[in-house]
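Chemist: whatever this is, show me its structure:
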Amino acid sequence: MNKTPDFSKSHAAQSTAPPRRQFLRTSLLTGISEALLPACAAARALPVSAAAGPKPFELDEHTIGDLQKALESGELTSQSLVRKYLARVEEIDKNGPALNSVIEINPDALAIADALDRERQEKRVRGPLHGVPVLIKDNIDTADHMQTTAGSLALLGSTPGKDSFVARKLREAGAVILGKTNLSEWANIRSSHSTSGWSGRGGQTKNPYALDRNPCGSSSGSGAAVAASLCAVAVGTETDGSVVCPASANGIVGIKPTLGLISRSGIIPIAHSQDTAGPMARTVRDAAILLGALAGVDPGDDATGSSAERGQTDYTKFLDPEGLRGARIGVARKYFGSNDATDDLMNHLLEEMRRHGAVVVDPADLDSHGKFDATEFTVLLYELKADLNRYLAGRPGAPRSLKEIIAFNEGHKDQEMPFFGQDVFLRAEAKGPLTSKEYLGALQANHRLSRNEGIDALMDRFRLDAIMAPTAGPTWVNDHATGDHSVGGSSNAAAVAGYPDISLPAGFVFGLPVGISFFGRAWSEPALLKIAYGFEQAFKARKPPQFLPSIPL
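Modeler: Numbers count the residues shown, from 1 in each chain. Model (predicted):
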């Protein structure tokens, strides 16, 4: 069995930021492309000797299958599982390394687990998630005793009127919603100078591989919690990069599905043309299980209509340990070049993928690469204002509009804006309605350039099953004074197109995990999962975190 090498000592370090944060910075400040931004954070990484990490945890790296075996045998109950994960959250998230990935614990978790245990005793098992603890991002509505705030103090104390579709699907599947995860406030759309993983309500989430490094945004808490085995699996959300970048930075699997596979109802929005929830897990199989549980048609979200025919309830049937054999994979070379060590790792993996039977088409670049950056940002600004206003209008006890959120932040600067402001919010508030010519033209350009002249054209030309690129490079040192430091990232084409993108562990660069992405045309999750599972089984690249204070370079 071939193993992925560790390139951690091969080159001088460079830093990488989440793709949307990179895009916002370039759009607002310089207008230059992602690859030209300087990599400056790595110089601040000091060689600190490792402190003793947390004690071993009996559920470390346990999969959904492992937990179900223990539940079926009676070795564990759902209640005992919840108690063990809660103790682990207390030990390493609130104390010890203090990851700060969990923003709130569900006070009903033990009662829910008890009810599910009784169902199991009565031989009523709902499926593979029955009794399994799951964490969800704090922008996913739950009509219970938990808050849903997007990390903002402005939404504290207001309770959604009903569960999001995602929360309802989890409950129907028998999952125990253990709590909410911290995130980049407002899913990283408030400012072009933000630090990913920071919110006014939750503070800064840390990366479990190196505590001074960034977990990437905006599903930072979900990524860090899964990596640290604080839950079995978690749910994140993505507009552009916010599932796949945390997956890469935290050494886990993240799936950004086709727009409409998972309902957006009850998720605090950025942009309806790109927003989606997605699974985050330590293995491809667990991510596939969660994806099947979350998929479905929602009468409250028209985009899910196609899911009736194109979606699946069981994605594990597509998992093939020989999934690389015969797969035609195009290499999007224009997403390379931001980090030499990451490129070396990816080039090695490509050679190994060929040995495992993959047909590698190299290069296979999108003709439209880099041509929809400005139009993407225009669409995000318009849709942010319209979609957030619509959401807030139906949220009891909350500010009623983006304008009121802006005013709240101004009135609570010490708590909400100690490090960065709200320039993106201000630009969004200045935009007009979704009937504006500027918006309609930008949206049409996005879809044409990312779909017809982008992913679809490329896959047709080379008869591809998937397009491959590095998800991102090694993550950067947290820096609240100047914000994220950004180069690289391959999420934008799939994000703008509304097409699926899977990131999974590829190996380590400078002791930090990096991910490999496979993306493709709409509704191609089965093909992408087959390839991703084949890759995972061939390389076994994931290693659990050691909670180092810093990475010695």
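Chemist: could you point out which element follows the helix or strand bottoming out on mean pLDDT in the chain?
Modeler: Least confident element among the helices and strands of the chain, by mean pLDDT, DSSP states H and E: helix 19-25 (a mean of 44). The helix or strand immediately downstream of helix 19-25 is helix 64-73, counting by DSSP states H and E.
Chemist: neighbouring contacts of that next one?
Modeler: Residues from elsewhere that reach helix 64-73 (C-beta atoms under 8 Å, 6 or more residues apart in numbering): 59, 76-78, 81, 120, 128-132, 232-233, 285-286, 289. Bear in mind the C-beta positions are built from the backbone N, C-alpha and C, glycine included.
Chemist: which pair of the residues you listed spans the longest distance?
Modeler: T77 and R285 (23.2 Å; C-beta to C-beta).
Chemist: what about those two, which has more around it?
Modeler: R285 (21 against 18; other C-beta atoms under 10 Å).
Chemist: what's near enough to touch the residue most central in space within the chain?
Modeler: In the chain, the residue lying closest to the centroid (C-alpha atoms, centre = their mean) is V243, at 1.4 Å. Neighbour list for V243: 219, 236-237, 254-256, 278, 280, 503 [criterion: C-beta under 8 Å, 6+ apart].
Chemist: do you know how far the residue nearest to P526 when sequence neighbours are not counted is from I531?
Modeler: For P526, ignoring the flanking residues on the chain, the nearest one in space by C-beta to C-beta, 6 or more residues apart in numbering is F318 at 4.2 Å. The gap separating F318 from I531 is 10 Å, by C-beta to C-beta, to the nearest Å.
Chemist: these two - which one has more neighbours?
Modeler: Remark: of F318 and I531, I531 carries more neighbours, 28 against 18, as counted by other C-beta under 10 Å.
Chemist: state the mean pLDDT of stretch 425-440.
Modeler: Mean pLDDT, stretch 425-440: 98.
Chemist: buried ones in that stretch?
Modeler: Buried positions in stretch 425-440, judged by neighbour count with 16 or more other C-beta atoms under 10 Å: 425, 427-429, 431, 439.
Chemist: again, but for stretch 463-479
Modeler: The neighbour-count check on stretch 463-479 (16+ other C-beta under 10 Å) flags 464-479 as buried.
Chemist: what's the longest helix in the protein?
Modeler: If you go by DSSP state H, the chain has its longest helix at helix 373-393.
Chemist: what packs against that one?
Modeler: Counting contacts by 3 or more C-beta pairs under 8 Å, 6 or more residues apart in numbering; DSSP states H and E, helix 373-393 packs against helix 19-25, helix 402-411, helix 423-429, helix 437-447, helix 492-497.
Chemist: okay, angle between the fourth one and helix 373-393 too, please.
Modeler: The directions of helix 437-447 and helix 373-393 differ by 110 degrees, with axes from the mean of the first three to the mean of the last three C-alpha atoms, to 10 degrees as the criterion.
Chemist: can you list contacts of helix 437-447?
Modeler: With contact meaning C-beta under 8 Å, 6+ apart, helix 437-447 is reached by 273, 372, 375-376, 378-379, 382-383, 431-432, 434, 496-497.
Chemist: any of those buried? List them.
Modeler: Among these, those scoring as buried are 273, 372, 375-376, 378-379, 382-383, 431, 496-497 (criterion: 16+ other C-beta under 10 Å).
Chemist: can you give me the strands for the chain?
Modeler: For the chain, strands defined by DSSP state E occupy the ranges 102-105, 133-137, 176-181, 198-199, 203-204, 233-238, 253-256, 276-281, 328-331, 359-361, 466-470, 501-509, 512-519.
Chemist: low-confidence regions, the stretch 1-150 of the chain specifically.
Modeler: In the predicted model of the stretch 1-150 of the chain, residues 1-52 satisfy pLDDT under 70.
Chemist: how about 80 then?
Modeler: 1-53 (pLDDT under 80).
Chemist: ok, back up a step: including distance to H485, could the strands of the chain go into TSV?
Modeler: Below are those laid out as TSV (distance: least, C-beta to C-beta, whole Å):
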stretch	distance to H485
strand 102-105	25
strand 133-137	24
strand 176-181	23
strand 198-199	14
strand 203-204	15
strand 233-238	21
strand 253-256	21
strand 276-281	24
strand 328-331	26
strand 359-361	32
strand 466-470	17
strand 501-509	16
strand 512-519	14
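Chemist: just name the most buried of the ones you listed.
Modeler: Among the strands of the chain, strand 253-256 has the highest mean neighbour count (mean count of other C-beta atoms under 10 Å), at a mean of 32.
Chemist: can you give me the end-to-end span of stretch 413-433?
Modeler: Stretch 413-433 has an end-to-end distance of 29 Å (criterion: C-alpha to C-alpha, to the nearest Å).
Chemist: list the contacts of that stretch.
Modeler: Residues contacting stretch 413-433 (C-beta under 8 Å, 6+ apart): 24, 28, 152-154, 185-186, 189-195, 198, 200, 380-382, 384-386, 402-403, 405-406, 408-409, 438-439, 480-481, 483.
Chemist: narrow those to those that are buried.
Modeler: Buried among those (16+ other C-beta under 10 Å): 24, 152-154, 185-186, 189-195, 198, 200, 380-382, 384-386, 402, 405-406, 408-409, 439, 483.
Chemist: of all the buried residues of stretch 463-479, which two lie farthest apart?
Modeler: Greatest spacing in the buried residues of stretch 463-479, by C-beta to C-beta: D465 and D479 (39.6 Å).
Chemist: quick check: P505 vs V361, distance?
Modeler: Look at P505 and V361: by C-beta to C-beta, they are 23 Å apart.
Chemist: okay, K317: pLDDT?
Modeler: pLDDT, K317: 98.
Chemist: re earlier: now, which of the buried ones among the contacts of helix 437-447 sits nearest G323?
Modeler: A497 (23.0 Å).
Chemist: can you report how many residues neighbour the closest residue to the closest one other than its chain neighbours?
Modeler: Spatially, and ignoring its direct neighbours in sequence, A497 is nearest to S450 (3.9 Å; C-beta to C-beta, 6+ apart). If you count neighbours by other C-beta under 10 Å, S450 ends up with 25.
Chemist: please apply the same query to D212.
Modeler: 18.
Chemist: and the residue nearest to it when sequence neighbours are not counted, how far is that from S486?
Modeler: Distance criterion C-beta to C-beta, 6+ apart; nearest residue to D212, sequence neighbours excluded, is S550 at 4.8 Å. Counting by C-beta to C-beta, the gap from S550 to S486 is 20 Å.
Chemist: how about R264?
Modeler: Applying C-beta to C-beta, the value for R264 to S486 is 27 Å.
Chemist: likewise K334?
Modeler: K334 is 17 Å from S486, where distance means C-beta to C-beta.
Chemist: got a list of what the closest residue to A527 other than its chain neighbours touches?
Modeler: Of all residues not flanking A527 in the chain, D465 sits nearest, at 5.2 Å (C-beta to C-beta, 6+ apart). The contact partners of D465, taken as C-beta under 8 Å, 6+ apart, are 327-329, 520, 524, 527, 531.
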